[in-house]
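Colleague: sharing a model prediction with you, sequence too.
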Amino acid sequence: MTHDVTDLVVLGAGSGGYAAALRAAGLGLSVTLIERDRIGGTCLHRGCIPTKAMLHAGELADAARSAAEWGVHTEFDGVDAATLLARTDRTVHRLHTGLRGLIAAAGITTVEGDGELVVDRAGPGVRVADRTVRGRTVVLATGARPRRLPVAPLDGERIISSDQALRLDRVPERVAVIGGGVIGVEFASLWASLGARVHLLEAADRLLLGEDADIAADFTRSFTRRGVDVRVGAEITAVRRDGDLVHLDLAGERLEVDTVLVAVGREPVTEAFAGAGVGLTDSGHVRVDDRLATDIAGVVAVGDLVAGPQLAHRGFAHGIFVAEDAAHAAGGLPRPPMPMADRDLPRITYADPQVASVGLGERAARAEYGDIEVHTSELAGNARAQLNGGRGLVKVIRVADGPVVGIAAVGPGVGELMGSGQLIVGWGAHPDEVAALVHAHPTLGEALGEAHLALAGKPLHLR
Ligand code: NAI
């Protein structure tokens with residue numbers, strides 16, 4: 001049995017864990033990073049990156065179909081799933097190599113293996129096989145995995161999770177996606193682009209529950225127009241495989257498809273420390289205070305382990321925060337970092353159309369501030385949006401006579417608006433301050449500028 005002591009021990013090298021390791025190393029702390037799989041975690045290997053790579057292929061397929069409208073002759077002649085997988089893997093591989101290089105160059109010690117939290121008189125640490133690494137701070141960063149749905153047991157081939165969907169060696173012809181959250185919507189969008197007949201089945205009364213209701217409704221209209229069969233209030237009573245087909249029983253109806261994706265949320269992975277006395281909430285997340293400290297002294301948790309939006313950039317922010325807090329405690333930083341508010345995180349759903357938001361939706365803003373002003377404009381008036389169908393909305397919400405507290409949008413490419421959106425909401429800008437800034441023409445960003453001009457009482461192309 002060997003024992004090492006470092007300033008920071010990080011269990012899990014996903015977005016939250018590796019960001020903590022990199023920032024801590026940058027601040028001069030000694031760091032050990034423990035991972036049983038590949039550095040980069042869900043985002044790099046089973047989430048953000050491979051899905052966006054595949055969605056890019058979906059955009060190419062859609063562009064090929066619509067090019068003739070512009071006089072460009074192309075033909076969409078199907079998708080070779082093996083090539084799509086290989087190209088996606090190359091993107092992931094390149095980023096993975098870069099990340100490993102960064103971690104090595106930062107002087108971080110990496111340990112490969114299944115770690116387990118130990119807490120005893122010597123303080124907290126992580127045991128991997130016969131080695132225990134003690135840390136002045138232990139960062140739990142083991143992430144989340146797809147939640148199971150008892151009525152639709154996965155078989156890995158025809159009834160699959162999002163992890164398995166990313167390894168699929170064929171494009172489904174007819175697919176049912178269970179769950180109309182971010183993952184369900186992104187895969188439904190991808191497969192519709194690649195030529196599948198898609199049924200999107202959501203138990204609640206609307207898609208994208210985390211988004212502003214008007215924006216989600218507009219998204220659903222566009223999605224339906226693309227040919228996706230969206231069913232809300234769906235009640236699935238049985239899912240059965242029969243050879244190469246899968247039968248789904250819905251209340252009063254049966255669907256027959258060749259593939260079912262189960263995308264009903266993700267659950268935190270806590271086995272590595274649940275036995276060591278780390279407190280969990282009713283939802284199974286790690287119980288933390290506003291500095292991400294768990295019930296055990298010296299042990300903090302980051303990313304998807306902590307209840308809230310499951311976003312890679314939230315993981316990065318958590319990781320940086322705990323690293324800076326540890327550096328401050330060790331005397332290496334003069335001031336402690338400020339805790340991050342989930343509310344100000346930008347959120348983007350990379351479907352066609354995209355949905356993007358930051359801050360509060362209309363309902364939440366009204367509940368919090370009472371007196372608010374809302375401006376909603378159509379993207380149809382934006383020259384750049386015209387090149388891409390011209391459909392969509394931008395919604396800006398301000399406290400009456402006060403700052404902008406929410407921005408939400410739906411339409412092609414609106415995710416790119418959230419760079420500015422986040423600055424506006426995060427800085428608590430007032431509409432007339434944003435209205436004074438000139439946006440380049442013709443850009444999608446002008447839609448945001450124009451919405452602020454309108455809210456400031458001086459609309460140009462809008463009423
Ligand atoms: P989610 O919680 O966003 O959505 C799950 C949906 O499934 C909900 O709308 C729920 O009502 C529905 N559902 C649950 N049980 C059902 C049933 N029996 N039948 C039909 N519908 C049912 O979870 P999702 O989409 O799996 O995503 C997990 C996390 O990953 C989210 O926090 C999401 O934000 C994050 N993520 C973020 C991405 C991004 O930022 N672009 C991309 C993918 C995931």
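Modeller: Yep, that arrived.
Colleague: now the closest residue to H439 other than its chain neighbours: which helix or strand?
Modeller: Nearest residue to H439, sequence neighbours excluded (Cβ to Cβ, 6 or more residues apart in numbering): G449, at 3.6 Å. Any C-beta I mention is one placed from the backbone N, CA and C, and that applies to glycine too. Secondary structure from DSSP states H and E places G449 in helix 445-455.
Colleague: check L261 too.
Modeller: Secondary structure (DSSP H and E) places L261 in strand 259-262.
Colleague: parallel or antiparallel, list what pairs with that strand.
Modeller: If you go by DSSP bridges, strand 259-262 pairs up with strand 159-160 (parallel), strand 174-178 (parallel).
Colleague: looking at this, T74 is in a strand?
Modeller: No: looking at T74 with DSSP: H, G, I helix; E, B strand; the rest coil, it is coil, so not inside a strand.
Colleague: low pLDDT regions in the stretch 1-150 of the chain?
Modeller: Where the stretch 1-150 of the chain drops to pLDDT under 70, the residues are 1-3.
Colleague: which bits of it sit near the ligand?
Modeller: L149 (Cβ under 6 Å from any ligand atom).
Colleague: if we use 8 Å, what do you get?
Modeller: Counting by Cβ under 8 Å from any ligand atom, the positions of the stretch 1-150 of the chain adjacent to the ligand are 47-48, 51, 144, 146-147, 149.
Colleague: cool, the stretch 301-450 of the chain as well?
Modeller: 304, 309-312, 347-350.
Colleague: what ranges does the stretch 151-300 of the chain have for its strands?
Modeller: For the stretch 151-300 of the chain, the strands defined by DSSP state E, counting those that start in this stretch cover 159-160, 174-178, 197-202, 229-232, 236-242, 245-250, 253-257, 259-262, 266-268, 299-301.
Colleague: just name the most buried of the ones you listed.
Modeller: Among the strands of the stretch 151-300 of the chain, strand 299-301 has the highest mean neighbour count (mean count of other Cβ atoms under 10 Å), at a mean of 28.
Colleague: name the residues of stretch 106-121 that are buried.
Modeller: Buried positions in stretch 106-121, judged by neighbour count with 16 or more other Cβ atoms under 10 Å: 106, 108-111, 115-119.
Colleague: okay, those residues in a markdown table with secondary structure next?
Modeller: Putting the buried residues of stretch 106-121 into a markdown table (three-state DSSP) gives the following:
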| residue | secondary structure |
| --- | --- |
| A106 | coil |
| I108 | coil |
| T109 | strand |
| T110 | strand |
| V111 | strand |
| G115 | strand |
| E116 | strand |
| L117 | strand |
| V118 | strand |
| V119 | strand |
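Colleague: ok, so of the residues you listed, who is nearest R335?
Modeller: Nearest to R335 among the buried residues of stretch 106-121, counting by Cβ to Cβ, is A106 at 22.8 Å.
Colleague: do you know how far I348 is from D289?
Modeller: According to Cβ to Cβ, to the nearest Å, I348 stands 29 Å off from D289.
Colleague: more neighbours: which of the two?
Modeller: I348 (19 against 10; other Cβ atoms under 10 Å).
Colleague: which one is the more buried one nearest to, not counting chain neighbours?
Modeller: The shortest distance from I348 to any non-neighbouring residue, by Cβ to Cβ, 6+ apart, is to G415 (4.0 Å).
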